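> return a 3D structure for these sequence lines:
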Amino acid sequence: AIETYKKMAKDAAISPALELVETMIARVPWDVKIPEGYEEELADKANYLKQVMVDMDHDWQSMIKQAATFNRYGFSVLEIVLRYRRKENGSKFNDGLVGVKKLPIRAQDTIEGWYWKNSGRELAGLVQRVVVPDGANPSYGWDFVNASAENVQGGVKRIPRKKFLLFRNNPLKDSPCGVSSLNGAWLAWKFKTAFQESEALSCAQDVNGFKVLYLPPQYMASDASDENKAVFAEYQKAMANMHQAKQSGLILPLLLDETGKRMFDFEVMSITGQKAHDTDKIINRYTREILTCLFADFLALGQQGGGSFALGETKVSIIEMGIQAALDEIKNQLNHQLVRTLWEQNGWDTTIMPEFVYGNVSRESLDEVSKFIQRTAAVSTFPRNRDTINWVMKQADIPYRVPDTMTQEELDAALGNMTSKSGSGMVEGLNSGTGTVDGSSGDSSISNAENT
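Presented below is the predicted three-dimensional model:
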């Protein structure tokens, strides 16, 4: 299955869908949250957990993206490698606490199986096939290692469950392998690939023509002599090479029969006629099925001339639900095992612990944010204080922040008394404007359709 998923991931329809999901997972910001009521008690521990995110040999986002490969393979395994936080050990800190050196992935195609305990009721660890160069070519990377070479030692490693994080997609029956997102797209991919190959062969035959070689029947007879059979076999080989574009031409002996006709003849026949089926439509149909299965069918919007902004927005919200489910799986494993392991190794109480949390999956546009601010401010539910103003500045990526020293009176004076009456409109009368309105000339902001 892993080898099949690797082939599927190279498909032009599947590859961008997988990359989209895994990139969206990796770009979501992460932070540390303290349980309510324990802010002062766990402030130092929360700061330690934030330091863990920046004190590994690799960055946090790349680790998240490696973990997110459970989306395509059904599961992913990150081994927990710890170290004492000393600068001589490569840490940025020197407090001697136990920290995380790295969380390297154990590639899915190197994992041969799992082993169990408690009569098969509990996962005890995994079995990994490893390839270890003996140092003869130390400059070569893993991509250049020949597992069958004499200077390479292969072996099996058993990694206990407590030493790795296991992320799974839809762990049906608590299977450690999970279920890959590609599993449901396999049949459509299989037929799509078959039709693509058929289309390529048809195009090649249309362009190059159908080759016909005429030979005397004695060369093709079942009781032909060894010499004639060898000649026939050689011509078969030549025809195969010409079909594969490995041979540019064919040399034939100029032999004539008793009537003066050539005994050996060769011609290229053109293939004409209407195809019984439109392979392009068939391939597009299977492509849509694949993208739908991967919750990425919005990638095809507009390619066939259809689709709308509202429809695209709905489909994006659907894939964001899938992204959130994947982030929940990552968050739960980090908090359930990694944080607990760190607390146990440092000898801390594990009753109440800070936890990793992820931020917003998507970021609202300034247009949407401004609508929210305008509508809430119009009905006096948007407080004008330092925190909310700083939040607005942050949404717009404006570097200015209201200083802590500014009082509420100074802030009110800086903002002024300008308010919108869009929440009130006319006191009485008709929408045509006849009647009593707020202010001497009315409130023109009520004509804004965004306020209705």
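
> could you look up the SS state of the spatially most distant residue from the centre of the chain?
The C-alpha centroid of the chain is most remote from residue 258, which lies 71.0 Å away (Cα atoms, centre = their mean). When classified by DSSP: H, G, I helix; E, B strand; the rest coil, residue 258 comes out as coil.

> do you know how far it is from residue 224?
21 Å (Cβ to Cβ, to the nearest Å). (C-beta placed from N, C-alpha, C; glycine too.)

> again, but for residue 32
82 Å.

> now residue 384
100 Å.

> same thing with residue 354?
Distance check for residue 354 against residue 224: by Cβ to Cβ, it reads 84 Å.

> likewise residue 238?
Residue 238 is 18 Å from residue 224, by Cβ to Cβ.

> who has more neighbours, those two?
Neighbour count, other Cβ atoms under 10 Å: between residue 238 and residue 224, residue 238 has more, with 19 against 15.

> output the helix or strand containing that one as CSV - backbone C-alpha positions only.
If you go by DSSP states H and E, residue 238 is part of helix 226-243. Provided in CSV are the C-alpha atoms of helix 226-243 (Å, rounded to 0.1, in the frame of the first residue of the first chain):
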residue,chain,number,x,y,z
ASP,A,226,15.8,-22.3,-37.8
GLU,A,227,17.2,-19.8,-40.2
ASN,A,228,13.7,-18.5,-41.2
LYS,A,229,12.6,-18.4,-37.6
ALA,A,230,15.7,-16.3,-36.7
VAL,A,231,14.8,-13.9,-39.6
PHE,A,232,11.2,-13.6,-38.4
ALA,A,233,12.3,-13.0,-34.8
GLU,A,234,14.7,-10.3,-35.9
TYR,A,235,11.9,-8.5,-37.8
GLN,A,236,9.6,-8.8,-34.8
LYS,A,237,12.3,-7.1,-32.7
ALA,A,238,12.7,-4.3,-35.3
MET,A,239,9.0,-3.6,-35.4
ALA,A,240,8.9,-3.4,-31.6
ASN,A,241,11.8,-0.9,-31.6
MET,A,242,10.1,1.2,-34.2
HIS,A,243,6.9,1.3,-32.2
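
> which SS state does residue 211 fall under?
Applying three-state DSSP: residue 211 is strand.

> SS state for the nearest residue to it once chain neighbours are set aside?
Spatial nearest neighbour of residue 211, excluding adjacent residues (Cβ to Cβ, 6 or more residues apart in numbering): residue 268 at 5.5 Å. Three-state call for residue 268 (three-state DSSP): strand.

> so what's the residue count around residue 268?
10.

> please verify my assumption that it contacts residue 213.
No: in this structure, residue 268 is not within contact of residue 213 by Cβ atoms under 8 Å, at 10.3 Å.

> so how far is the strand ranked longest in the chain off the chain centroid?
In the chain, assigned by DSSP state E, the strand with the most residues is strand 122-133. The chain centroid and the centroid of strand 122-133 are separated by 25 Å, computed with Cα atoms, centre = their mean, to the nearest Å.

> packing partners for that strand?
strand 111-117, strand 152-160 (3 or more Cβ pairs under 8 Å, 6 or more residues apart in numbering; DSSP states H and E).

> in that strand, which residues are buried?
123, 125, 126, 128, 133 (16 or more other Cβ atoms under 10 Å).

> and that strand, which strands flank it?
According to DSSP bridges, strand 122-133 has the following sheet partners: strand 111-117 (antiparallel), strand 152-160 (antiparallel).

> measure stretch 24-31 end to end?
17 Å (Cα to Cα, to the nearest Å).

> where do the strands of the stretch 301-450 of the chain begin and end?
355-358 (DSSP state E, counting those that start in this stretch).

> any stretches of it with poor pLDDT?
The model of the stretch 301-450 of the chain has pLDDT under 70 over residues 301-316, 417-450.

> let's see that with 50 instead.
307-309, 311, 439, 442-443, 445-446 (pLDDT under 50).

> alpha carbons of stretch 60-78, as PDB, please.
Extracted C-alpha coordinates of stretch 60-78, given in PDB (Å, rounded to 0.1, in the frame of the first residue of the first chain):
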ATOM      1  CA  TRP A  60       8.700  23.500  14.300                       C
ATOM      2  CA  GLN A  61       6.900  23.900  11.000                       C
ATOM      3  CA  SER A  62       9.000  21.300   9.200                       C
ATOM      4  CA  MET A  63       8.200  18.900  12.100                       C
ATOM      5  CA  ILE A  64       4.500  19.500  11.700                       C
ATOM      6  CA  LYS A  65       4.700  19.000   8.000                       C
ATOM      7  CA  GLN A  66       6.500  15.600   8.500                       C
ATOM      8  CA  ALA A  67       3.800  14.600  11.000                       C
ATOM      9  CA  ALA A  68       1.100  15.700   8.500                       C
ATOM     10  CA  THR A  69       2.200  12.900   6.100                       C
ATOM     11  CA  PHE A  70      -0.200  10.700   7.900                       C
ATOM     12  CA  ASN A  71      -2.700  12.300   5.500                       C
ATOM     13  CA  ARG A  72      -1.200  10.500   2.500                       C
ATOM     14  CA  TYR A  73       0.100   7.300   4.100                       C
ATOM     15  CA  GLY A  74      -2.500   6.800   6.900                       C
ATOM     16  CA  PHE A  75       0.100   7.200   9.700                       C
ATOM     17  CA  SER A  76       3.300   8.900  10.500                       C
ATOM     18  CA  VAL A  77       5.900   8.200  13.200                       C
ATOM     19  CA  LEU A  78       8.200  10.800  14.800                       C
END
